[in-house]
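quick one: sequence plus predicted model below, questions after.
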Amino acid sequence: MKETIKKLQSYQPAPLPEEVEKKYNLKRLARLSANENSYGQSPRVVTALQHFDFNELNYYPDGYATQLRARVANKLKVDGDNIIFGVGLDEIIAYLSRVFLEPGDEVIVSQPTFSEYALNAQIEGAKVIEVPVQEPSGKQNLAKMVDLMNSRTKMVWLCNPNNPTGVYESVADLRSFMQKVPQDVLVLIDEAYIQFVTDAQPATALPLLKEFDNIAIMRTFSKIYGLANLRVGFIVMSQQLANYVQTIRLPYNLNSLSQLAASVALDDQAFVEDVRAKNRVERDRWEQFFRQVGLQSYHSQANFVYFKTDQAAALGKKLLLNGYQIREGLAPDALRISVGKAADNVAMQKIIADTLQ
Ligand SMILES: Cc1ncc(COP(=O)(O)O)c(C=O)c1O
(Lines give C-alpha, C1' and ligand atoms only; values in the text may rest on other atoms or scores of the structure.)
Protein backbone atom coordinates (compact mmCIF):
# COMPACT_ATOMS: atom_id res chain seq x y z
CA MET A 1 0.00 0.00 0.00
CA LYS A 2 1.36 3.44 -0.95
CA GLU A 3 1.68 5.55 2.21
CA THR A 4 0.62 8.65 0.26
CA ILE A 5 -2.78 7.12 -0.57
CA LYS A 6 -3.63 6.36 3.05
CA LYS A 7 -3.45 10.07 3.88
CA LEU A 8 -5.60 11.31 0.98
CA GLN A 9 -9.30 11.97 0.69
CA SER A 10 -11.08 10.90 -2.48
CA TYR A 11 -12.88 13.32 -4.82
CA GLN A 12 -16.49 13.69 -3.69
CA PRO A 13 -18.86 13.44 -6.65
CA ALA A 14 -22.16 15.32 -6.44
CA PRO A 15 -24.85 13.25 -4.67
CA LEU A 16 -27.62 11.75 -6.82
CA PRO A 17 -30.51 14.19 -7.42
CA GLU A 18 -33.08 11.50 -6.52
CA GLU A 19 -31.41 10.96 -3.15
CA VAL A 20 -31.31 14.67 -2.41
CA GLU A 21 -34.94 15.11 -3.50
CA LYS A 22 -36.00 12.31 -1.19
CA LYS A 23 -33.92 13.50 1.74
CA TYR A 24 -35.29 17.06 1.63
CA ASN A 25 -38.72 16.18 0.32
CA LEU A 26 -38.28 18.25 -2.84
CA LYS A 27 -40.49 18.15 -5.91
CA ARG A 28 -37.63 19.13 -8.16
CA LEU A 29 -33.90 19.59 -7.72
CA ALA A 30 -31.85 21.72 -10.10
CA ARG A 31 -28.30 20.44 -9.93
CA LEU A 32 -26.08 23.48 -10.27
CA SER A 33 -23.14 22.13 -8.31
CA ALA A 34 -21.05 20.41 -11.00
CA ASN A 35 -20.89 22.94 -13.87
CA GLU A 36 -22.88 20.70 -16.16
CA ASN A 37 -24.64 22.10 -19.20
CA SER A 38 -28.01 23.53 -18.16
CA TYR A 39 -29.22 23.36 -21.76
CA GLY A 40 -28.85 19.62 -22.31
CA GLN A 41 -27.00 18.22 -25.30
CA SER A 42 -27.18 18.48 -29.06
CA PRO A 43 -30.32 16.76 -30.44
CA ARG A 44 -28.10 15.46 -33.24
CA VAL A 45 -26.13 13.46 -30.69
CA VAL A 46 -29.31 11.91 -29.29
CA THR A 47 -30.41 10.89 -32.79
CA ALA A 48 -27.03 9.41 -33.62
CA LEU A 49 -27.02 7.36 -30.43
CA GLN A 50 -30.53 6.10 -31.17
CA HIS A 51 -29.20 4.72 -34.45
CA PHE A 52 -26.19 3.05 -32.85
CA ASP A 53 -25.76 -0.63 -33.74
CA PHE A 54 -26.22 -2.43 -30.42
CA ASN A 55 -25.53 -5.81 -31.99
CA GLU A 56 -21.79 -5.34 -31.89
CA LEU A 57 -21.27 -4.84 -28.20
CA ASN A 58 -19.19 -8.03 -28.13
CA TYR A 59 -16.35 -6.24 -29.96
CA TYR A 60 -13.86 -3.90 -28.35
CA PRO A 61 -14.17 -0.28 -29.44
CA ASP A 62 -11.71 1.43 -31.80
CA GLY A 63 -8.75 1.88 -29.47
CA TYR A 64 -7.39 4.76 -31.57
CA ALA A 65 -10.73 6.61 -31.76
CA THR A 66 -9.93 7.08 -35.44
CA GLN A 67 -12.95 9.03 -36.58
CA LEU A 68 -13.17 11.23 -33.51
CA ARG A 69 -9.43 11.89 -33.69
CA ALA A 70 -9.67 12.95 -37.33
CA ARG A 71 -12.55 15.30 -36.58
CA VAL A 72 -10.90 16.91 -33.56
CA ALA A 73 -7.61 17.27 -35.45
CA ASN A 74 -9.42 18.89 -38.36
CA LYS A 75 -11.42 21.23 -36.17
CA LEU A 76 -8.50 22.39 -34.02
CA LYS A 77 -5.97 22.34 -36.89
CA VAL A 78 -3.59 20.06 -35.02
CA ASP A 79 -1.92 16.78 -35.91
CA GLY A 80 -4.08 13.79 -34.91
CA ASP A 81 -1.09 11.97 -33.40
CA ASN A 82 -0.61 14.82 -30.95
CA ILE A 83 -3.99 14.11 -29.31
CA ILE A 84 -4.54 11.72 -26.40
CA PHE A 85 -8.13 10.90 -25.51
CA GLY A 86 -9.26 10.11 -22.00
CA VAL A 87 -12.36 9.03 -20.12
CA GLY A 88 -13.02 12.68 -19.39
CA LEU A 89 -10.25 15.05 -18.45
CA ASP A 90 -10.28 13.27 -15.11
CA GLU A 91 -8.43 10.40 -16.73
CA ILE A 92 -6.05 12.72 -18.56
CA ILE A 93 -5.14 14.45 -15.29
CA ALA A 94 -4.40 11.07 -13.73
CA TYR A 95 -2.34 9.97 -16.76
CA LEU A 96 -0.23 13.10 -16.80
CA SER A 97 0.53 12.92 -13.11
CA ARG A 98 1.43 9.26 -13.44
CA VAL A 99 3.77 9.83 -16.38
CA PHE A 100 5.56 12.99 -15.33
CA LEU A 101 5.71 12.97 -11.52
CA GLU A 102 7.97 11.22 -9.08
CA PRO A 103 7.97 11.48 -5.29
CA GLY A 104 9.55 14.76 -4.22
CA ASP A 105 8.74 16.61 -7.46
CA GLU A 106 6.89 19.90 -7.18
CA VAL A 107 3.67 20.88 -8.92
CA ILE A 108 2.39 24.46 -8.99
CA VAL A 109 -1.33 25.22 -8.90
CA SER A 110 -3.45 28.28 -8.20
CA GLN A 111 -5.51 28.57 -5.05
CA PRO A 112 -8.39 28.11 -5.61
CA THR A 113 -8.47 25.85 -8.65
CA PHE A 114 -9.82 22.45 -9.73
CA SER A 115 -8.94 20.06 -6.91
CA GLU A 116 -7.98 17.06 -9.01
CA TYR A 117 -4.63 18.50 -10.08
CA ALA A 118 -3.42 18.50 -6.47
CA LEU A 119 -5.04 15.19 -5.58
CA ASN A 120 -3.34 13.39 -8.48
CA ALA A 121 0.01 15.04 -7.74
CA GLN A 122 -0.24 13.85 -4.14
CA ILE A 123 -1.11 10.32 -5.25
CA GLU A 124 2.23 10.29 -7.05
CA GLY A 125 3.99 11.59 -3.93
CA ALA A 126 4.66 15.05 -5.39
CA LYS A 127 4.51 18.26 -3.38
CA VAL A 128 1.81 20.76 -4.29
CA ILE A 129 2.75 24.44 -4.23
CA GLU A 130 -0.35 26.65 -4.08
CA VAL A 131 -0.28 30.22 -5.37
CA PRO A 132 -3.26 32.35 -4.28
CA VAL A 133 -5.10 34.16 -7.06
CA GLN A 134 -4.79 37.94 -7.03
CA GLU A 135 -7.40 40.10 -5.35
CA PRO A 136 -9.75 41.59 -6.27
CA SER A 137 -9.46 40.42 -9.92
CA GLY A 138 -9.09 36.69 -9.26
CA LYS A 139 -6.38 36.55 -11.96
CA GLN A 140 -3.88 33.75 -11.48
CA ASN A 141 -0.54 34.97 -10.16
CA LEU A 142 1.68 33.94 -13.07
CA ALA A 143 4.64 36.07 -11.95
CA LYS A 144 4.63 34.45 -8.52
CA MET A 145 4.50 31.01 -10.13
CA VAL A 146 7.67 31.80 -12.10
CA ASP A 147 9.34 32.99 -8.89
CA LEU A 148 8.53 29.70 -7.17
CA MET A 149 9.97 27.46 -9.89
CA ASN A 150 13.13 25.52 -9.07
CA SER A 151 14.88 22.34 -10.17
CA ARG A 152 12.19 20.18 -8.53
CA THR A 153 9.30 21.89 -10.37
CA LYS A 154 7.83 19.52 -12.96
CA MET A 155 4.37 20.82 -13.77
CA VAL A 156 2.16 23.88 -13.60
CA TRP A 157 -1.61 23.53 -13.94
CA LEU A 158 -3.44 26.54 -15.34
CA CYS A 159 -7.17 26.16 -15.56
CA ASN A 160 -8.44 28.75 -18.05
CA PRO A 161 -11.04 30.03 -17.34
CA ASN A 162 -10.28 28.94 -13.83
CA ASN A 163 -12.63 26.70 -11.88
CA PRO A 164 -14.05 27.89 -9.45
CA THR A 165 -13.40 31.61 -10.03
CA GLY A 166 -14.38 31.70 -13.72
CA VAL A 167 -11.56 34.17 -14.39
CA TYR A 168 -9.93 34.08 -17.83
CA GLU A 169 -6.23 34.64 -18.64
CA SER A 170 -5.43 36.16 -22.04
CA VAL A 171 -3.28 34.35 -24.58
CA ALA A 172 -0.87 37.30 -24.51
CA ASP A 173 -0.39 36.87 -20.74
CA LEU A 174 0.07 33.13 -21.12
CA ARG A 175 2.62 33.68 -23.89
CA SER A 176 4.71 36.04 -21.81
CA PHE A 177 4.46 33.57 -18.89
CA MET A 178 5.67 30.74 -21.14
CA GLN A 179 8.66 32.82 -22.19
CA LYS A 180 9.80 32.80 -18.55
CA VAL A 181 9.09 29.14 -17.76
CA PRO A 182 12.10 26.78 -17.99
CA GLN A 183 11.76 24.30 -20.86
CA ASP A 184 11.74 21.27 -18.56
CA VAL A 185 8.62 22.45 -16.74
CA LEU A 186 5.39 21.21 -18.31
CA VAL A 187 2.56 23.76 -18.42
CA LEU A 188 -0.93 22.30 -18.65
CA ILE A 189 -3.66 24.64 -19.79
CA ASP A 190 -7.03 23.15 -18.88
CA GLU A 191 -9.54 24.66 -21.31
CA ALA A 192 -12.55 22.70 -20.03
CA TYR A 193 -14.64 25.92 -20.13
CA ILE A 194 -12.92 27.83 -22.94
CA GLN A 195 -15.94 27.86 -25.26
CA PHE A 196 -17.88 29.94 -22.72
CA VAL A 197 -15.41 32.83 -22.99
CA THR A 198 -16.88 35.91 -24.67
CA ASP A 199 -14.34 38.61 -23.72
CA ALA A 200 -11.74 37.34 -26.21
CA GLN A 201 -12.16 35.75 -29.63
CA PRO A 202 -10.45 33.42 -30.23
CA ALA A 203 -9.90 32.65 -26.55
CA THR A 204 -7.86 29.47 -26.82
CA ALA A 205 -4.15 29.13 -26.14
CA LEU A 206 -3.85 26.50 -28.92
CA PRO A 207 -1.55 28.77 -31.01
CA LEU A 208 1.06 28.48 -28.21
CA LEU A 209 1.50 24.79 -29.05
CA LYS A 210 3.49 25.87 -32.11
CA GLU A 211 5.67 28.19 -30.06
CA PHE A 212 6.50 26.05 -27.02
CA ASP A 213 7.17 22.31 -26.70
CA ASN A 214 6.46 22.29 -22.96
CA ILE A 215 2.82 23.37 -23.14
CA ALA A 216 -0.28 21.20 -23.52
CA ILE A 217 -3.93 22.10 -24.00
CA MET A 218 -6.83 20.13 -22.54
CA ARG A 219 -10.46 20.05 -23.63
CA THR A 220 -13.57 18.14 -22.62
CA PHE A 221 -16.95 17.23 -24.11
CA SER A 222 -18.52 17.44 -20.63
CA LYS A 223 -19.23 21.16 -20.54
CA ILE A 224 -20.37 23.17 -23.58
CA TYR A 225 -21.15 19.99 -25.54
CA GLY A 226 -23.25 18.70 -22.65
CA LEU A 227 -21.87 15.15 -22.71
CA ALA A 228 -20.63 14.82 -19.12
CA ASN A 229 -22.20 11.38 -18.81
CA LEU A 230 -20.27 9.93 -21.75
CA ARG A 231 -16.81 10.86 -20.41
CA VAL A 232 -14.69 12.18 -23.25
CA GLY A 233 -11.78 14.57 -22.84
CA PHE A 234 -8.46 15.03 -24.59
CA ILE A 235 -5.10 16.72 -24.48
CA VAL A 236 -3.04 18.12 -27.33
CA MET A 237 0.70 18.12 -26.79
CA SER A 238 4.05 17.75 -28.59
CA GLN A 239 4.69 14.43 -30.29
CA GLN A 240 7.33 13.40 -27.78
CA LEU A 241 5.14 14.13 -24.75
CA ALA A 242 2.12 12.51 -26.39
CA ASN A 243 4.16 9.35 -26.98
CA TYR A 244 4.98 9.12 -23.27
CA VAL A 245 1.33 9.46 -22.26
CA GLN A 246 0.26 7.04 -24.98
CA THR A 247 2.45 4.39 -23.34
CA ILE A 248 0.25 4.24 -20.25
CA ARG A 249 -3.14 5.00 -21.80
CA LEU A 250 -5.56 2.11 -21.31
CA PRO A 251 -5.98 0.51 -24.76
CA TYR A 252 -9.78 0.77 -25.10
CA ASN A 253 -10.55 3.65 -22.77
CA LEU A 254 -13.26 5.29 -24.92
CA ASN A 255 -16.28 3.17 -25.70
CA SER A 256 -17.94 3.38 -29.13
CA LEU A 257 -21.02 5.27 -27.93
CA SER A 258 -18.83 7.98 -26.44
CA GLN A 259 -16.70 8.20 -29.58
CA LEU A 260 -19.78 8.52 -31.76
CA ALA A 261 -21.45 11.10 -29.53
CA ALA A 262 -18.35 13.28 -29.34
CA SER A 263 -17.82 13.11 -33.12
CA VAL A 264 -21.38 14.21 -33.81
CA ALA A 265 -21.32 16.89 -31.10
CA LEU A 266 -18.26 18.50 -32.68
CA ASP A 267 -20.19 19.12 -35.86
CA ASP A 268 -23.14 20.82 -34.18
CA GLN A 269 -21.66 24.28 -33.94
CA ALA A 270 -25.16 25.80 -33.77
CA PHE A 271 -25.77 24.06 -30.43
CA VAL A 272 -22.48 25.37 -29.05
CA GLU A 273 -23.24 28.93 -30.20
CA ASP A 274 -26.71 28.76 -28.69
CA VAL A 275 -25.43 27.56 -25.29
CA ARG A 276 -22.66 30.16 -25.29
CA ALA A 277 -25.14 32.96 -26.03
CA LYS A 278 -27.70 31.89 -23.43
CA ASN A 279 -25.02 31.32 -20.81
CA ARG A 280 -23.60 34.77 -21.46
CA VAL A 281 -26.95 36.50 -20.88
CA GLU A 282 -27.52 34.63 -17.62
CA ARG A 283 -23.92 35.07 -16.44
CA ASP A 284 -24.20 38.84 -17.04
CA ARG A 285 -27.40 38.83 -15.02
CA TRP A 286 -25.57 37.14 -12.13
CA GLU A 287 -22.75 39.68 -12.30
CA GLN A 288 -25.21 42.52 -12.22
CA PHE A 289 -27.01 40.90 -9.30
CA PHE A 290 -23.80 40.57 -7.26
CA ARG A 291 -23.06 44.24 -7.88
CA GLN A 292 -26.56 45.28 -6.85
CA VAL A 293 -26.54 43.39 -3.56
CA GLY A 294 -22.89 44.18 -2.82
CA LEU A 295 -21.51 40.63 -2.90
CA GLN A 296 -17.87 40.19 -3.89
CA SER A 297 -17.54 38.02 -6.98
CA TYR A 298 -15.09 37.64 -9.86
CA HIS A 299 -15.71 38.42 -13.53
CA SER A 300 -16.63 34.94 -14.78
CA GLN A 301 -16.04 33.80 -18.32
CA ALA A 302 -17.25 30.26 -17.67
CA ASN A 303 -20.65 28.64 -17.00
CA PHE A 304 -20.54 29.26 -13.27
CA VAL A 305 -20.17 32.14 -10.84
CA TYR A 306 -18.29 32.29 -7.55
CA PHE A 307 -18.95 34.73 -4.76
CA LYS A 308 -17.85 35.47 -1.22
CA THR A 309 -20.22 35.58 1.71
CA ASP A 310 -19.85 35.02 5.43
CA GLN A 311 -23.18 33.22 5.31
CA ALA A 312 -22.08 30.54 2.86
CA ALA A 313 -23.32 27.55 4.86
CA ALA A 314 -26.72 29.08 5.64
CA LEU A 315 -27.21 30.21 2.06
CA GLY A 316 -26.20 26.85 0.64
CA LYS A 317 -28.74 25.14 2.89
CA LYS A 318 -31.49 27.61 2.08
CA LEU A 319 -30.96 27.16 -1.66
CA LEU A 320 -30.97 23.40 -1.27
CA LEU A 321 -34.22 23.43 0.66
CA ASN A 322 -35.68 25.40 -2.24
CA GLY A 323 -34.51 22.85 -4.79
CA TYR A 324 -31.15 24.35 -5.82
CA GLN A 325 -28.04 22.29 -5.28
CA ILE A 326 -24.96 24.47 -5.55
CA ARG A 327 -21.27 23.92 -4.76
CA GLU A 328 -20.29 24.45 -1.15
CA GLY A 329 -17.11 23.59 0.66
CA LEU A 330 -14.58 25.11 -1.75
CA ALA A 331 -13.82 27.76 0.87
CA PRO A 332 -15.58 28.50 4.18
CA ASP A 333 -16.74 31.89 2.90
CA ALA A 334 -17.55 31.22 -0.76
CA LEU A 335 -20.12 29.51 -2.97
CA ARG A 336 -20.07 28.48 -6.62
CA ILE A 337 -23.23 28.29 -8.68
CA SER A 338 -23.41 26.80 -12.16
CA VAL A 339 -25.33 29.19 -14.41
CA GLY A 340 -28.83 27.77 -14.74
CA LYS A 341 -31.81 28.60 -16.88
CA ALA A 342 -33.33 32.08 -16.57
CA ALA A 343 -36.21 31.21 -14.23
CA ASP A 344 -33.90 29.29 -11.88
CA ASN A 345 -31.34 32.10 -11.78
CA VAL A 346 -34.03 34.65 -10.96
CA ALA A 347 -35.42 32.40 -8.22
CA MET A 348 -31.99 31.80 -6.69
CA GLN A 349 -31.16 35.49 -6.78
CA LYS A 350 -34.35 36.27 -4.91
CA ILE A 351 -33.53 33.67 -2.25
CA ILE A 352 -30.02 35.06 -1.83
CA ALA A 353 -31.20 38.68 -1.65
CA ASP A 354 -33.91 37.80 0.89
CA THR A 355 -31.48 35.81 3.05
CA LEU A 356 -28.84 38.51 3.11
CA GLN A 357 -31.24 41.34 3.89
C1 LIG B 1 -11.40 22.52 -14.80
C2 LIG B 1 -11.89 21.14 -14.98
N3 LIG B 1 -11.10 20.25 -15.58
C4 LIG B 1 -11.50 19.00 -15.78
C5 LIG B 1 -12.74 18.57 -15.34
C6 LIG B 1 -13.10 17.15 -15.54
O7 LIG B 1 -13.88 17.06 -16.66
P8 LIG B 1 -14.30 15.70 -17.34
O9 LIG B 1 -15.76 15.62 -17.21
O10 LIG B 1 -13.82 15.86 -18.76
O11 LIG B 1 -13.59 14.59 -16.64
C12 LIG B 1 -13.59 19.45 -14.71
C13 LIG B 1 -14.92 19.02 -14.24
O14 LIG B 1 -15.67 19.69 -13.64
C15 LIG B 1 -13.16 20.78 -14.52
O16 LIG B 1 -13.92 21.68 -13.89
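Yes, it's here.

which residue ranges of the stretch 101-250 of the chain form strands?
For the stretch 101-250 of the chain, strands defined by DSSP state E, counting those that start in this stretch occupy the ranges 106-111, 127-132, 153-159, 186-190, 215-220, 233-236.

now the angle between strand 106-111 and the second one, please.
For strand 127-132 and strand 106-111, the angle between their directions (axes from the mean of the first three to the mean of the last three CA atoms, to 10 degrees) works out to 30 degrees.

helix or strand with the lowest mean pLDDT in this structure?
Ranking every helix and strand in the chain by mean pLDDT, DSSP states H and E puts helix 3-6 at the bottom, with a mean of 82.

can you give the contact residues for that one?
The contact list for helix 3-6, computed with CB atoms under 8 Å, 6 or more residues apart in numbering, reads 103, 122-125. For the C-beta atoms, the positions are set from N, CA and C on the backbone; glycine is no exception.

between those, which is nearest the ligand?
I123 (16.0 Å; CB to the nearest ligand atom).

list the contacts of the closest one.
By CB under 8 Å, 6+ apart, the contact set of I123 is 2, 4-5, 8, 94, 97.

any idea how far R69 is from the closest residue to S300 other than its chain neighbours?
Setting aside the residues directly before and after it, S300 is nearest to G166 in space (CB to CB, 6 or more residues apart in numbering), at 2.7 Å. Taking CB to CB, to the nearest Å as the measure, G166 falls 30 Å from R69.

so which of these two has more stuff around it?
Between G166 and R69, counted using other CB atoms under 10 Å, G166 has the larger neighbour count: 27 against 20.

give me the pLDDT for the more buried one.
Looking at G166, its pLDDT stands at 98.

isn't it right up against F290?
No - shown here, G166 and F290 do not form a contact pair, counting by CB atoms under 8 Å, at 11.7 Å.

who touches both of those two?
Joint contacts of G166 and F290 (CB under 8 Å, 6+ apart) are V305.

returning to that earlier point: who wins for neighbours among the contacts of I123?
Sorting the contacts of I123 by how many neighbours each has (other CB under 10 Å) puts S97 first, at 25 neighbours.

if we ignore the residues flanking it in sequence, what's nearest that one?
Leaving aside its chain neighbours, S97 sits nearest to N120 (3.8 Å; criterion: CB to CB, 6+ apart).

any idea how far that neighbour is from I92?
N120 is 10 Å from I92, by CB to CB.

if we can go back for a sec, and the contacts of helix 3-6 near the ligand, which?
Near the ligand, taking CB under 6 Å from any ligand atom as the test, no member of the contacts of helix 3-6 is found.

just those residues: which are in helices?
Residues of these located in helices (DSSP state H): 122-123.

from the contacts of helix 3-6, list just the buried residues.
122-124 (16 or more other CB atoms under 10 Å).

could I get the contacts of helix 3-6 as JSON lines with pLDDT?
Converted to JSON lines, these look like this (pLDDT from 0 to 100):
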{"residue": "P103", "pLDDT": "97"}
{"residue": "Q122", "pLDDT": "96"}
{"residue": "I123", "pLDDT": "95"}
{"residue": "E124", "pLDDT": "96"}
{"residue": "G125", "pLDDT": "96"}
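
residue contacts, S338?
By CB under 8 Å, 6+ apart, the residues touching S338 are 31-36, 38, 303-304, 326-327.

any idea which of those residues has the most stuff around it?
Neighbour counts for these (other CB under 10 Å) peak at N303, which has 30 neighbours.

L335 touches Q311, doesn't it?
No - using CB under 8 Å, L335 is not in contact with Q311; the gap is 9.4 Å.

in strands, which of the contacts of S338 fall?
Among those, the members found in strands (DSSP state E) are 31-32, 304, 326-327.

taking the residues you listed together, which two end up most distant?
Across the ones in strands among the contacts of S338, the longest distance by CB to CB is 12.3 Å; it joins R31 and F304.

tell me how far the residue of the chain most remote from its centre lies from L254.
Distance from the centre of the chain peaks at N55, with 34.2 Å (CA atoms, centre = their mean). Using CB to CB, we find N55 at a distance of 20 Å from L254.

ok, the most centrally placed residue in the chain - contacts?
In the chain, the residue lying closest to the centroid (CA atoms, centre = their mean) is A192, at 3.9 Å. By CB under 8 Å, 6+ apart, A192 lies in contact with 89, 114, 159, 163, 218-220, 222-223, 233.

what are the phi and psi angles of it?
A192 adopts backbone torsions of phi -50, psi -30, taken as degrees, to the nearest 10.
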